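Asker: I'd like to go over a predicted model; first the sequence, then the structure.
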Amino acid sequence: MIELIALKCLRCETPIPAAPDEIAWVCQRCGQGLLLDEVKGVSSQAFNFAAGIPQGKRGNPFWVVGGNLRLNRQTYGAFGKKDDEAAQFWVTPRRFFIPAFTCDLETTVNLGTALLRDPPHLAPGTPVPFLPITVHPQDIFPLAEFIVVAIEAERKDSLREISFTLELRAAELWVLP
Ligand SMILES: [Zn+2]
């Protein structure tokens with residue numbers, strides 16, 4: 001059964017032209033940010049737009065979330081162990097950037113690892129059009145876990161096993177260049 005939900009802006013009741021799979025919008029009339037949840041329906045969602053998005057180009061939406069990681073890694077053999085390097089890396093809280101637009105897992109992990117290692121400066125800019133948002137906040141945690149595993153696997157040692165506890169703070173939605 002297909003259930004059609006009439007999506008309307010929470011503030012001004014303007015209908016939202018929603019494409020299939022899209023879950024978040026900015027009302028074209030009043031600027032209200034909106035997020036669709038299957039259970040809770042439509043709720044308000046804060047949107048942040050970064051400076052530096054070229055005119056005429058659509059921005060890339062990301063879920064941006066600070067996280068703390070407690071890591072336990074085991075390697076084969078004692079040579080070239082990167083445990084200290086890993087511990088040093090995660091001693092600082094890190095910011096995860098999870099693509100909120102449609103892309104495959106490999107792209108999500110590649111972008112996520114690159115942006116975690118070298119985070120962009122988030123300077124607020126003006127609202128611009130952006131790629132459709134299709135990644136729900138509930139997917140942030142498992143995708144962040146994929147990024148942690150990718151970062152640890154890329155250290156040039158014989159990683160045998162990894163376990164970790166990841167704590168994420170509240171996610172913000174940012175539209176980036
Ligand atoms: Zn509105």
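Answerer: Right, received. Where do you want to start? Numbering: from 1, shown residues only.
Asker: so Ala51 sits against Pro124, correct?
Answerer: Yes - the pair Ala51 and Pro124 qualifies as a contact (Cβ atoms under 8 Å) at a distance of 6.6 Å. Quick note: C-beta positions are derived from backbone N, CA and C, even for glycine.
Asker: looking only at neighbour counts, state which of those two leads.
Answerer: In terms of neighbours (other Cβ atoms under 10 Å), Ala51 is the more surrounded of Ala51 and Pro124; the figures are 12 against 9.
Asker: which residues touch that one?
Answerer: Remark: with contacts taken as Cβ atoms under 8 Å, 6 or more residues apart in numbering, Ala51 is in contact with 123-126.
Asker: what's the closest of the residues you listed to the ion?
Answerer: The shortest gap between the ion and any of the contacts of Ala51 belongs to Thr126, at 17.9 Å (Cβ to the ion).
Asker: that's a helix at that closest one, yeah?
Answerer: No - counting by DSSP: H, G, I helix; E, B strand; the rest coil, Thr126 is not found in a helix; it is coil.
Asker: residues contacting it?
Answerer: For Thr126, the contacting residues are 49, 51, taking Cβ under 8 Å, 6+ apart as the criterion.
Asker: gap between it and Val64?
Answerer: Per Cβ to Cβ, to the nearest Å, Thr126 is found 18 Å from Val64.
Asker: before we move on, what about Gly52?
Answerer: Taking Cβ to Cβ, one finds Gly52 at 15 Å from Val64.
Asker: check Arg169 too.
Answerer: The span separating Arg169 from Val64 equals 10 Å under the rule Cβ to Cβ.
Asker: contact distance from the ion - what residues of the chain qualify?
Answerer: Proximity of the chain to the ion, by Cβ under 5 Å from the ion, involves residues 9, 11-12, 14, 27, 29-30, 32.
Asker: can you do 8 Å?
Answerer: If contacts are counted using Cβ under 8 Å from the ion, the residues of the chain sitting beside the ion are 9-14, 27-32.
Asker: mind putting these into JSON lines with pLDDT and neighbour count?
Answerer: Conversion of the residues of the chain next to the ion to JSON lines gives the following (pLDDT from 0 to 100; neighbours: other Cβ atoms under 10 Å):
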{"residue": "Cys9", "pLDDT": "95", "neighbour count": "21"}
{"residue": "Leu10", "pLDDT": "95", "neighbour count": "16"}
{"residue": "Arg11", "pLDDT": "96", "neighbour count": "14"}
{"residue": "Cys12", "pLDDT": "97", "neighbour count": "11"}
{"residue": "Glu13", "pLDDT": "95", "neighbour count": "10"}
{"residue": "Thr14", "pLDDT": "95", "neighbour count": "14"}
{"residue": "Cys27", "pLDDT": "96", "neighbour count": "18"}
{"residue": "Gln28", "pLDDT": "93", "neighbour count": "12"}
{"residue": "Arg29", "pLDDT": "95", "neighbour count": "13"}
{"residue": "Cys30", "pLDDT": "96", "neighbour count": "12"}
{"residue": "Gly31", "pLDDT": "95", "neighbour count": "12"}
{"residue": "Gln32", "pLDDT": "97", "neighbour count": "18"}
